[in-house]
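**Student:** pasting a predicted model and its sequence here:
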Amino acid sequence: MPIKIPQLLPAREVLEAENIFMMDEERATTQDIRPLNILILNLMPEKEKTEVQLLRLLGNTPLQVNITFLKTTSYTAKNTSQSHLEMFYLPFEEVKMKKFDGLIITGAPIEHLSFEKVDYWQELTEIMEWSKDYVTSTLHICWGAQAALYYHFGIEKYEIPQKCSGVFEHKVLDWSEPILRGFNDMFYAPVSRYTDVSKEAINKSQKLKLLSYSEEAGPLLITSVDRKMLMITGHLEYETSTLAEEYERDSAKGIEIQVPKNYFSNDNPSNKPVNRWRSHAHLLFSNWLNYYVYQETPFEWD
């Protein structure tokens, strides 16, 4: 089934070239099934790239999905044009009285800041609190996952000696969770962060379950016991070239950074990167939409 997105969204051209199944509003209104309404709070700087990454994965399931993009009003994005934001993004005030089947809160490159010093932290906490009653399931990515663990469960992030960047092997820890259906015993996931969260703190919480872990990169998938919240501390949505682009960007700025591990062929940045995570990225988003959202959300919201 397709994903329904605005006709003029720039991501549409990229996704159509990749043969991602989409439809416009005119065709969508003729469908008899109820589509899932997914809200995306996009906190990444290059929002158009993140739109493509997420929509590619959301558009590859048997479910029809309506997408609404959410922006912050307490902070104005600097790397995305205002015309793009005004055309495709809504402020929280315009959506907070609506119910959504799913919410995605992306990461943001602000790990060096304490949560309370983030310009839009108060607005974000308002959205996260609102999601408890107005959203069936929320998917948090990277910094968004750390923010959720801190706000909802009191688990602090901590700085690590050097940036954790690369593609790391992760072990499945709990086969009883539907989100992991179809996963291999070991799978790869991209990670790109300067901070981490404690495995021990997660395991001590009676409200959380650690679902996958890497000896090199730490916790990756964490879910709340009621499955209303899923936290991904890595970036399964990343394209093949994303880590390379980050490495080149940081190197050009003179930042001392190591080559992303297990990413370039023979760990040589002059070689092409190898994508080892694409199939599990599609599987995770498909499982989230099906088991955490579609199977749990009411057909008609009260």
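**Tutor:** The structure has been received and is ready for your questions. Given the structure is predicted, the values throughout are model-derived calculations rather than measurements. Numbering: from 1, shown residues only.
**Student:** for the stretch 101-250 of the chain, what spans make up the helices?
**Tutor:** 121-134, 143-153, 199-204, 242-252 (DSSP state H, counting those that start in this stretch).
**Student:** closest one to N287 among those?
**Tutor:** helix 143-153 (16.8 Å; CB to CB). Backbone N, C-alpha and C define where each C-beta goes, glycine included.
**Student:** columns mean neighbour count and mean pLDDT on top of the helices of the stretch 101-250 of the chain, output as TSV?
**Tutor:** Output for the helices of the stretch 101-250 of the chain, formatted as TSV (neighbours: other CB atoms under 10 Å; pLDDT from 0 to 100):
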stretch	mean neighbour count	mean pLDDT
helix 121-134	16	97
helix 143-153	22	98
helix 199-204	14	97
helix 242-252	16	93
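**Student:** want to try TSV for those, with distance to T106 as columns?
**Tutor:** Output for those, formatted as TSV (distance: least, CB to CB, whole Å):
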stretch	distance to T106
helix 121-134	11
helix 143-153	6
helix 199-204	21
helix 242-252	13
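**Student:** can you pull the contacts of T50?
**Tutor:** By CB atoms under 8 Å, 6 or more residues apart in numbering, the contact set of T50 is 42, 44, 106, 237.
**Student:** revised request: answer the last question for S192.
**Tutor:** For S192, the contacting residues are 142, 163-165, 234-235, 238, 243, 246, 260, by CB under 8 Å, 6+ apart.
**Student:** of these, just say which sits nearest to A77.
**Tutor:** A77 lies nearest to C142 out of the contacts of S192, by CB to CB, at 17.2 Å.
**Student:** is it true that the closest one touches T106?
**Tutor:** Yes - proximity of C142 to T106 meets the contact threshold set by CB atoms under 8 Å, at 7.5 Å.
**Student:** pick out whichever of these two has more residues nearby.
**Tutor:** A count of neighbours by other CB atoms under 10 Å puts C142 above the other of C142 and T106, at 27 against 23.
**Student:** in terms of pLDDT, where does that one sit?
**Tutor:** pLDDT for C142: 97.
**Student:** what's the answer for Q258, then?
**Tutor:** Q258 is given a pLDDT of 92.
**Student:** ignoring the adjacent residues along the chain, who's closest to it?
**Tutor:** With sequence-adjacent residues excluded and distances taken as CB to CB, 6 or more residues apart in numbering, Q258 is closest to Q162, at 6.5 Å.
**Student:** repeat that for H282.
**Tutor:** If the residues on either side of it in the chain are set aside, H282 comes closest to N60, at 5.4 Å by CB to CB, 6+ apart.
**Student:** now do P269
**Tutor:** Using CB to CB, 6+ apart and skipping the chain neighbours, the partner closest in space to P269 is V259 (5.4 Å).
**Student:** how much space separates the one you found from E239?
**Tutor:** For V259, the distance to E239 equals 18 Å [CB to CB, to the nearest Å].
**Student:** many thanks, have a good one.
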